[in-house]
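> Whatever this is, show me its structure:
(6 chains)
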Protein chains: 6
Amino acid sequence: MFLSLATWPEIDQRLKDGKRGIIIPIGSHEQHGPTGLIGTDALCPEIIAREAEKQADVLLAPTFSVGMAQHHMGFPGSMTLRPSTMIATIVDWTASLTRAGFDRLYWVNGHGGNVATIQAAFAETYAAYSLRGEAAPFAHMLKNWWELPGIERLCLDMYPTGHGSHGTASEVAVTYWAYPERANLAKLVLEPKIAPNGPIRDAADYRRRFADGRIGSDPTQSTPEQGGTIVAAAAKALITDATSFFAETA
Amino acid sequence: MFLSLATWPEIDQRLKDGKRGIIIPIGSHEQHGPTGLIGTDALCPEIIAREAEKQADVLLAPTFSVGMAQHHMGFPGSMTLRPSTMIATIVDWTASLTRAGFDRLYWVNGHGGNVATIQAAFAETYAAYSLRGEAAPFAHMLKNWWELPGIERLCLDMYPTGHGSHGTASEVAVTYWAYPERANLAKLVLEPKIAPNGPIRDAADYRRRFADGRIGSDPTQSTPEQGGTIVAAAAKALITDATSFFAETA
Amino acid sequence: MFLSLATWPEIDQRLKDGKRGIIIPIGSHEQHGPTGLIGTDALCPEIIAREAEKQADVLLAPTFSVGMAQHHMGFPGSMTLRPSTMIATIVDWTASLTRAGFDRLYWVNGHGGNVATIQAAFAETYAAYSLRGEAAPFAHMLKNWWELPGIERLCLDMYPTGHGSHGTASEVAVTYWAYPERANLAKLVLEPKIAPNGPIRDAADYRRRFADGRIGSDPTQSTPEQGGTIVAAAAKALITDATSFFAETA
Amino acid sequence: MFLSLATWPEIDQRLKDGKRGIIIPIGSHEQHGPTGLIGTDALCPEIIAREAEKQADVLLAPTFSVGMAQHHMGFPGSMTLRPSTMIATIVDWTASLTRAGFDRLYWVNGHGGNVATIQAAFAETYAAYSLRGEAAPFAHMLKNWWELPGIERLCLDMYPTGHGSHGTASEVAVTYWAYPERANLAKLVLEPKIAPNGPIRDAADYRRRFADGRIGSDPTQSTPEQGGTIVAAAAKALITDATSFFAETA
Amino acid sequence: MFLSLATWPEIDQRLKDGKRGIIIPIGSHEQHGPTGLIGTDALCPEIIAREAEKQADVLLAPTFSVGMAQHHMGFPGSMTLRPSTMIATIVDWTASLTRAGFDRLYWVNGHGGNVATIQAAFAETYAAYSLRGEAAPFAHMLKNWWELPGIERLCLDMYPTGHGSHGTASEVAVTYWAYPERANLAKLVLEPKIAPNGPIRDAADYRRRFADGRIGSDPTQSTPEQGGTIVAAAAKALITDATSFFAETA
Amino acid sequence: MFLSLATWPEIDQRLKDGKRGIIIPIGSHEQHGPTGLIGTDALCPEIIAREAEKQADVLLAPTFSVGMAQHHMGFPGSMTLRPSTMIATIVDWTASLTRAGFDRLYWVNGHGGNVATIQAAFAETYAAYSLRGEAAPFAHMLKNWWELPGIERLCLDMYPTGHGSHGTASEVAVTYWAYPERANLAKLVLEPKIAPNGPIRDAADYRRRFADGRIGSDPTQSTPEQGGTIVAAAAKALITDATSFFAETA
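Numbers count the residues shown, from 1 in each chain, chains lettered A, B, ... in the order given. Predicted coordinates:
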């Protein structure tokens, strides 16, 4: 079930039935190299979560589509929230959902650069209760889709070289599967074939280190078929992982 | 073109070609009565903008999907940003897009409750320049989709009674057109058939005044076909309106 | 009764008598063209409210005198709050007044540029309750003085041409009535006689479009006598409107 | 000259004439005991500054009328800004005035409880420059009106006993002089005649310690005539003090 | 007892024993002239409080070591919090300590520039309760170490000339006593021997007025022995003062 | 060299000599079980950094002593900053140090719970530059002391069982080495000997899961001697790691 496409009485009934967990795809809009889509990090968790929704009775929130990507701002089309803004936004999403009675918020994330800020935001939501001496009536779970059980192994086996850490072969494949009209981007010739590695700092430094935006990856090897394999596995793992979290007794 | 599905070199080229305008669908996730979808206010501008994108060379940003809907929080599934959070977020989206070189930001809005906060946010982005004595290198335009030329007239003619102001017959029709699998919601019997009117204050007051969430509307009359008519007209009007804004010389 | 000139036991008694409404004049300090006073938008609601106070048992808060006027910052003497600051301030005024037991806050506004931010601020005050699932123990009402019943009609009849939308003939007349020593400003010759119209963006853009600060107006036609007529009508309308709001049963 | 009653070309000319100083009355709205007006702390600096304006070529900003008075919130009619809000507001007033070219901001204050927050706000405005390694193009001066040269001595001589520190005999006299219709409040019998002293903490603590709101004062001895004497002396001292500050060469 | 070196069961027991007061040394890291240590203002209250802890059963919090020192930013090594940041931090320290049950927070301060911001922060912590109509379950006390009973007199008698107000002879002596390896700094020849006086504004202004950082002082006269005398007296006064505050019945 | 004990001319000289790196110990004050000190996470990086300072020419900032520890607030003595406050504070520390010319900030951290917030804070400092299209004139490095090369291996070899993840055997040993008077805490009998593991959420949840505060550890095996071994190795590794970072050419 999609929150976007549900009515409030349907959500009301769902909560009354004790289904108090919700999955929130969270990502980013930022450059992903010459062959990767700007929306990659929002699209991947959304694609995987939608596949999961076809197979299991889970509820999906709208995708949190713009995240923390300050380091990509040297490449046009990239968008970012400052961490402080992103924290405030996650605080409000949390307050909204828990006000209604959701008590398990499962955030499936598509952007490594979001992780620190999301975790800081979780702490911000908990701190309001912890400092008042009250128990928070909810729990968060953050899971990067590639860290779902078995997925990282699958991806690295699929791409023994050039998987990389930004504009990865696997995430690009996932988006090609969902948007096959863009799969021909893989025909581009990238130089170097496998992008360099290095630290991530501000945007000017990033652009200087990583000329076309990729880090450590060769996504020209990505195909829609590979993407489909990943999505199928990740959706299945997501169902198991989220369901287990939702089944917790507080 | 969708920002989500573009690569950064494509956006770079577009900007170099002098196409410095972008359309940003902005809405809300909140109850829309027993027959309306929670995502209605985000979906409508997105649906219209996507239809426009099929017909004209415009660039669409990702949808700003959760807005200011504090008054709906008495109905499960509703989400809200506090106005201060929403302002901070719009400030960051604006900074990101104008950093890349976009200079005309056209926000097509689907939620009346967003208007004040969006305009306050615009002022916040301008104020940073105005207080420094610098010229802002960008301009905002806010347009509610029903205020696009000709659309309000079309909707009121289509629904002479019970168009309403929340959970309106027209917006519900638009979503049924895009998601016809949900059109059978219109078969529900609502009591009263036309919802009452009244002021909007906090969530408890709202729920007391508007028992099922609607204001002044009878959306059981909405059909996918009517929605299609509205979308076609609104998309055309959007293209004209946005194109005119983008063609401004600063 | 003026809050400024009352003692706390007098306010305490008033609240115990069930008089829980308060009128708050709110405006701005910003250029109003060569013939208009910088304080116009704060002075007009204050003048009208003070006239109302002479005739009815209403309580006036101190005037909220500096508002959101970022677009006027290209003209010396203009002052502005950033929207985020203005929201925080209205939140605190609201908290203070409702803490004491006031439950109907009637804001009579003199500045169109304030409207969005004030409404966003109202939402911010309500949101704190809405997100906690509590009922807000108060209600806000915002009324621009020219939107009091009958006033806009009166003004447009009085100034069939050149009423305008900033540095309007009517608001200038109101200030001349209250400060007749400044009425000779109307003898200045303005070029063009009727100022141009256009969109409002940042301060640099504003100054370029509106050379002397006015928008669409010819305030050289304003006289103190006309101002007196407006004030008398507006004060009467304000009493009726505010009294009706205060008489609401929550 | 009053900023409120000036036009922008008049302010423009004044700045071009090198008159770059401005006086800002700043106060509070809070209980002042059974015989003192809620607006006392805003009224006193305003009264004194207006008297000064009659005698010298100084420019007065609108009065900053609601300050930091959290400790008075146990008494109805009291208003407060949180310190963080007040700092943001002073930052914006400063930015507005210095944007126009004012370079000496003289804040004449009527409320001891404001002092810490105002000074913190000054530091906040300076810090923006200090952290960037730039010179701030302005300077602040804060002066409590009773600390103007000679005034505290005058007041203590006038009221050898029961001058006090809140709801003081002198400040009450100043307001009676300006608003003689309220001078009959002095006929009230207060118990104890001279209020107790003690520390200032939160509002509940304050109300417990200071039953009728006064601290250390007997303002029943205040007369309009005494107020007039104080105003005359303070206005004269203010002119000298502010003029000297404005004459500084940076 | 030091909070840093205690275990939580030890603190738990202490609170259960009714010892609900805590001493918090608070200072700054900022230039103190050519002979003064950057940490002087944090070190002095820490040194004095540690001496007190040797002699009495008091609990010391960790030192709040970086304060509000924007005016010193023209000298390398200086650090500052913006006042708004410092307020937020003190709010959190207060919330943490009072959450555990501490109800008397005694802040012994080493930096005059901190005073306004600390007091504003106290008001911020109280305001949360005052605006809700609740009693704050704690009280703050701020005491500059040189204002402890008898200490200022002692210092001025010790240094009849050149005590000064920044980089004072007394504070430098206190640090030399604790860090005698740095006492040879006093052999430096300073020009002028006694530094000038003047107002404190932004950093650029400060550096222009006070060439080597000192204000009004000649700290070349400071010796470790003098520092020891001051510390002994101040520690004793601190014990008396804090103990008296802790013994208050709310 | 310690910033606290240096003078500004010494820091000025150091920067002129091209030594533009600084080490900042950062930790937390929070419960560490019945045998661990509340200050453990601040003390460990401080102890290690001080040992390094004895052996190499590095500059140490004052310790950032209170961090993000909301989950520990169920245990008396614990202190926390909200993540948003901690970000603001790190932003100010960064602005201060880079204003002076430091361009490599090496944060040696002692608290896992700080990591997300510190990284979010780094992004906040970079974002200001990235959104303006400027290069940040500095770089951050975050290193948990146990992640210094070779240290984690050393600790796990030292404590094959019961090393744990909070109140770890290694961190407790480090503090016992520096404060041997507290080493007798290790004689306490803990039940269970090895604490349980589990997720970290809000404070109430934490206290319920981890009855005495430890996670997965048996710190009764810790000795001062083991601590000394760890400190020696970590100090050496810190020198190498920080020196390498400082030697980077931007």
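
> Okay, strands next: where are they in chain A?
Along chain A, the stretches classed as strands by DSSP state E are A:21-26, A:104-109, A:139-144.

> Which among those is found nearest to E:Ala128?
strand A:139-144 (25.7 Å; Cβ to Cβ). (Glycine included, C-beta is placed from N, CA and C.)

> Just want the angle from that closest one to strand A:21-26.
Interaxial angle of strand A:139-144 relative to strand A:21-26 (axes from the mean of the first three to the mean of the last three Cα atoms, to 10 degrees): 40 degrees.

> Let me see the residues that make contact with strand A:139-144.
Outside strand A:139-144, the residues within contact range by Cβ atoms under 8 Å, 6 or more residues apart in numbering or on different chains are A:94, A:103-110, A:112, A:115, A:118-119, A:122, A:125, A:238, A:241-242, A:245, A:248, A:250, F:199, F:201, F:205.

> need the strands of chain A in JSON lines with mean neighbour count and mean pLDDT, can you?
Output for those, formatted as JSON lines (neighbours: other Cβ atoms under 10 Å in any protein chain shown; pLDDT from 0 to 100):
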{"stretch": "strand A:21-26", "mean neighbour count": "25", "mean pLDDT": "98"}
{"stretch": "strand A:104-109", "mean neighbour count": "24", "mean pLDDT": "98"}
{"stretch": "strand A:139-144", "mean neighbour count": "20", "mean pLDDT": "98"}
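
> Adding distance to C:Pro62, write those out as JSON lines.
Formatted as JSON lines, the strands of chain A follow (distance: least, Cβ to Cβ, whole Å):
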{"stretch": "strand A:21-26", "distance to C:Pro62": "45"}
{"stretch": "strand A:104-109", "distance to C:Pro62": "44"}
{"stretch": "strand A:139-144", "distance to C:Pro62": "44"}
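
> Single out the residue in chain A that lies closest to chain D.
Here chain A gets closest to chain D at one residue, A:Ser84, 14.9 Å apart by Cβ to the nearest Cβ.

> ok, now which ones touch that residue?
With Cβ under 8 Å, 6+ apart, A:Ser84 has these contacts: B:Ala88, F:Ser84, F:Ile87, F:Ala88, F:Glu124.

> Just the ones of those residues in helices?
Assigned to helices by DSSP state H, the following of those qualify: B:Ala88, F:Ser84, F:Ile87, F:Ala88, F:Glu124.

> Excluding chain neighbours, what is closest to the last one?
When you say that, I think you mean F:Glu124. A:Pro83 (4.8 Å; Cβ to Cβ, 6 or more residues apart in numbering or on different chains).

> likewise the first one?
Residue nearest to B:Ala88 in three dimensions, not counting chain neighbours: A:Thr85, with 4.4 Å by Cβ to Cβ, 6+ apart.

> Can you tell me how far that neighbour is from B:Gly101?
22 Å (Cβ to Cβ, to the nearest Å).

> And those two? Which one has more around it.
A:Thr85 (23 against 17; other Cβ atoms under 10 Å in any protein chain shown).

> got any ranges where chain A has weak pLDDT?
Within chain A, the segments meeting pLDDT under 70 span A:250.

> List the buried residues of the helix of greatest length in it.
In chain A, taking DSSP H as the definition, the longest helix is helix A:224-246. For helix A:224-246, a neighbour-count test (16 or more other Cβ atoms under 10 Å in any protein chain shown) marks A:224, A:226-231, A:233-239, A:241-242, A:245-246 as buried.

> Fine, thanks again, bye for now.
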